[in-house]
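Participant: Take a look and give me a structure for this.
(one chain, ligands or ions: 1)
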Amino acid sequence: MTKALEGVRILDFTHVQSGPTCTQLLAWFGADVIKVEKTGEGDATRGQLRDIQDADSLYFTMLNHNKRSITLDTKKPSGKQVLETLIKECDVMVENFAPGALDRMGFTWERIQELNPKMIVASVKGFGPGPYEDCKVYENVAQCTGGAASTTGFDDGPPMVTGAQIGDSGTGLHLALGIVTALYQREKTGRGQKVLAAMQDAVLNLCRVKLRDQQRLERTGVMEEYPQFSDGKAFGEAVPRAGNASGGGQPGWVLRCKGWETDPNAYIYFIAQAPVWGAICKVIGREEWITDPDYATPRARLPRLKSIFATIEEWTMTKTKFEAMDILNEFDIPCGPILSMKEIAEEPSLRETGTIVEVDHPVRGKYLTVGNPIKLSDSPTDVTRSPLLGEHTDEVLAQLGYSAEAIAALREERVI
Ligand code: COA
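Facilitator: Sure, this is the predicted structure:
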């Protein structure tokens, strides 16, 4: 069976997390991804957060599946020549170096265009053009500058970052979409183009609803679904942190379940969706709320949400999160147990769909990874292990037309 991106060759000049997540997705869709790494050391993440001495870290292995690795010193003249050959032979170059690094290496957009006018050059940078464009950026910097941190957490606490890597992996996802879109356009124009995904922009895109709320706040001075409203607190000038309140128009909160005293994840997310209000009242034994004018309509409930959720919690605390999930789903009441990473890793249905995959590695042995979260019916994903450093250097150079002698000379010169 062919893969969606079969025949597309990617010069993967990425490192750390944001770029590698993008090229890993493209590899899962069938592109030939050639990861170019610094001679001798490779992607810094190979050695970061190691759990097994001398084995590539999980940080690296989980971001670089299905790729080939070559080592290349692109600052030496003969290394630059190899890179030039790669540029001529590849469809897309993906990079996430610090701003200006590619230019300093001698590979400006103009130079790349000269070598291959069809080349798509896709970059992750921390910021788009503007006052911060020269800054180096990591995950949490993007979460803070893209609006996520100021809107995450509780209003009596500091801004919070989230565990979901929306700055790195989130930007990688955006870049992957930009790349396939540029490839599609190239089919018609025959030309390459630059694709830029700035981490601040990607995070802000994911925080779109908070910019919506900023404008609502400026117009009306109040947002009734925010906990500040039912707490009787004044709103300030900017969108406040909403704790665990639901982002949409349906009120929600995290509630304790049986066992919460000892299990930090014995909680359920409960949504008091208006169409199932009657069912909620019956399940928790408060049928009088169905007709009580103080509770019967969403508007009447808004100032009372805190006490309503406290009452619902009295019920959820008598059930485990899974028992509560089963009962509530019988009545179509939207809810979700707070699943720990341990529970997710052990969940059989995620193994069956290939969302959690066990991979074998020659140095580290078996490990779990997250497979391709995007399923194509005609282009299934087979997750294969990440490459060892420089594992495919000879193979790739031979494919590019380098003789065994030429490869030996590059090795002698420590270019590869
Ligand atoms: N051979 C020789 N030199 C190489 C090379 C190779 N194969 N690959 C990279 N280099 C060089 C670069 O040219 C650069 O040299 P220069 O500083 O002389 O121009 C140098 O290695 C370091 O690259 P840089 O990207 O600056 O790495 P860093 O470790 O200092 O910074 C980041 C890391 C992530 C902060 C930075 O790359 C960045 O801001 N990237 C964009 C945003 C991003 O993706 N952030 C999220 C990361 S998950």
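Participant: in the strand or helix carrying residue 114, what's buried?
Facilitator: Using DSSP states H and E, residue 114 sits in helix 109-115. Within helix 109-115, the residues that count as buried by 16 or more other Cβ atoms under 10 Å are 112, 113. No exception for glycine: its C-beta is placed from N, CA and C like everyone else's.
Participant: Make 14 the starting number, not 1.
Facilitator: OK, 14 is where the count begins now, so the last one is helix 122-128.
Participant: all helices for the stretch 214-363 of the chain, in order.
Facilitator: With DSSP state H, counting those that start in this stretch as the criterion, the stretch 214-363 of the chain has helices at 221-233, 240-243, 290-296, 311-314, 318-329, 334-343, 354-358, 361-365.
Participant: one step back: please work out which residues outside the helix holding residue 127 touch it.
Facilitator: Contact partners of helix 122-128, identified using Cβ atoms under 8 Å, 6 or more residues apart in numbering, comprise 97, 100, 101, 106, 132, 134, 205, 207.
Participant: average pLDDT for that helix?
Facilitator: Helix 122-128 carries an average pLDDT of 97.
Participant: Against which helices or strands is the following helix or strand past that helix packed?
Facilitator: Heading C-terminal from helix 122-128, the first helix or strand you meet, by DSSP H and E, is strand 133-138. Counting contacts by 3 or more Cβ pairs under 8 Å, 6 or more residues apart in numbering; DSSP states H and E, strand 133-138 packs against helix 31-41, strand 105-108, helix 182-202, strand 207-211.
Participant: now the angle from the helix or strand just after the first one to helix 31-41?
Facilitator: Think helix 31-41. Per DSSP H and E, helix 31-41 leads on to strand 45-50 as the next helix or strand towards the C-terminus. Between the axes of strand 45-50 and helix 31-41, defined by axes from the mean of the first three to the mean of the last three Cα atoms, to 10 degrees, the angle is 150 degrees.
Participant: got the CA positions of strand 45-50 in PDB?
Facilitator: Taking Å, rounded to 0.1, in the frame of the first residue of the first chain, the C-alpha atoms of strand 45-50 are listed here in PDB:
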ATOM      1  CA  ASP A  45      11.500  10.100   3.300                       C
ATOM      2  CA  VAL A  46      12.900  12.200   6.200                       C
ATOM      3  CA  ILE A  47      16.600  12.600   6.300                       C
ATOM      4  CA  LYS A  48      17.700  14.100   9.600                       C
ATOM      5  CA  VAL A  49      20.900  16.100   9.300                       C
ATOM      6  CA  GLU A  50      22.700  16.200  12.700                       C
END
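Participant: If you count contacts, what does it end up packed against?
Facilitator: strand 22-26, helix 31-41, strand 80-84, helix 90-102.
Participant: Which among the helices and strands packed on strand 133-138 is found nearest to the ligand?
Facilitator: helix 31-41 (4.0 Å; Cβ to the nearest ligand atom).
Participant: residues touching the closest residue to residue 426 other than its chain neighbours, list them.
Facilitator: Spatial nearest neighbour of residue 426, excluding adjacent residues (Cβ to Cβ, 6 or more residues apart in numbering): residue 91 at 6.2 Å. For residue 91, the contact set (Cβ under 8 Å, 6+ apart) comprises 423, 426, 428.
Participant: got the residue ranges for the strands in the stretch 264-413 of the chain?
Facilitator: 265-269, 280-284, 348-350, 369-374, 378-383 (DSSP state E, counting those that start in this stretch).
Participant: show me what contacts the residue most central in space within the chain?
Facilitator: Central residue of the chain (Cα atoms, centre = their mean): residue 182, 3.0 Å from the mean position. Counting by Cβ under 8 Å, 6+ apart, residue 182 touches 30, 31, 34.
Participant: Pull up the per-residue confidence for it.
Facilitator: For residue 182, the predicted pLDDT is 98.
Participant: Next one: it relative to residue 165, how far apart?
Facilitator: According to Cβ to Cβ, to the nearest Å, residue 182 stands 17 Å off from residue 165.
Participant: Figure out how far the helix-or-strand element of the chain with minimal mean pLDDT is from the centre of its chain.
Facilitator: One helix or strand of the chain scores below all others by mean pLDDT, DSSP states H and E: helix 240-243, with a mean of 90. The chain centre lies 31 Å from the centre of helix 240-243; the measure is Cα atoms, centre = their mean, to the nearest Å.
Participant: for stretch 236-246, same thing?
Facilitator: 31 Å.
Participant: Next: stretch 390-400.
Facilitator: 18 Å.
Participant: Would you mind writing the CA trace of that stretch as PDB?
Facilitator: Provided in PDB are the C-alpha atoms of stretch 390-400 (Å, rounded to 0.1, in the frame of the first residue of the first chain):
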ATOM      1  CA  SER A 390      -7.700   5.200   6.000                       C
ATOM      2  CA  ASP A 391      -5.600   4.900   2.800                       C
ATOM      3  CA  SER A 392      -2.300   5.700   4.400                       C
ATOM      4  CA  PRO A 393      -1.900   3.700   7.600                       C
ATOM      5  CA  THR A 394       1.100   4.500   9.900                       C
ATOM      6  CA  ASP A 395       3.700   2.000  10.800                       C
ATOM      7  CA  VAL A 396       5.800   3.400  13.700                       C
ATOM      8  CA  THR A 397       9.500   2.400  13.400                       C
ATOM      9  CA  ARG A 398      12.200   3.300  15.800                       C
ATOM     10  CA  SER A 399      14.300   6.500  15.700                       C
ATOM     11  CA  PRO A 400      17.700   6.200  14.000                       C
END
